[in-house]
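**Student:** coords please:
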Amino acid sequence: METDKKSFTLGEIADLPWLTSQINKKYEYMITSRYICIREESEGQRGILLKVLGKTPRKYITMQGGKPFCKDDKYEGFNFDTYYSFRFPLMKELQTVLDILKKDPSLLNIFEKAGMPINPDSTFWVRDTASRLFFLKEPQYYDASQGQIATTSDNETHHRLTIAYFYKSNISW
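**Tutor:** Predicted structure coming up:
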């Protein structure tokens, strides 16, 4: 997706337009609204935009296309409804984001002022899944303080983040 803006600077709040990616007929991932730039783009390296979504309990996460999905938004159609979710980050992507935040604590203040507080030593939902039985998948979380990934019970809550990348006026996941 191309934007009018060519680049974002470190700490800048990026108000992104609506962008979706279809999972199946009724479920789509979305990018929209306020993200904060935590890494500027450079030659050969995409910039990173981060959105903190708060804490979410396991019971609100379903599996769609083998990946975790939350019903963050809904479009009521004539024949069927379409549900939208912010995409969960892969553990590797999350580790990159947390490393950036730990190296630059001033970014934590920017998130706090923007109403998106984040603790880089907390627990976070990730897109990586665990197999239960032969083909059933279940969501996992990453414990940043322990540096490990684990499955969870229905009553546990973990932070949700979503990441968007930008490079040469293009926004992507």
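
**Student:** state the pLDDT value of the residue lying closest to residue 163 once chain neighbours are set aside.
**Tutor:** Computed as Cβ to Cβ, 6 or more residues apart in numbering, the closest residue to residue 163 that is not its neighbour in sequence is residue 89, at 4.9 Å. C-beta coordinates here come from the backbone N, C-alpha and C atoms, glycine included. For residue 89, the model assigns a pLDDT of 98.

**Student:** with residue 6 instead?
**Tutor:** 62.

**Student:** so residue 161 bridges to which residues?
**Tutor:** residue 52 (DSSP bridges).

**Student:** tell me who's in contact with it.
**Tutor:** 50-53, 89, 94, 97, 118, 124-125 (Cβ atoms under 8 Å, 6 or more residues apart in numbering).

**Student:** make CSV out of those residues and add distance to residue 21 and neighbour count.
**Tutor:** Putting the contacts of residue 161 into CSV (distance: Cβ to Cβ, whole Å; neighbours: other Cβ atoms under 10 Å) gives the following:
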residue, distance to residue 21, neighbour count
50, 18, 22
51, 16, 21
52, 21, 19
53, 17, 16
89, 15, 23
94, 19, 24
97, 20, 19
118, 24, 19
124, 21, 25
125, 18, 25
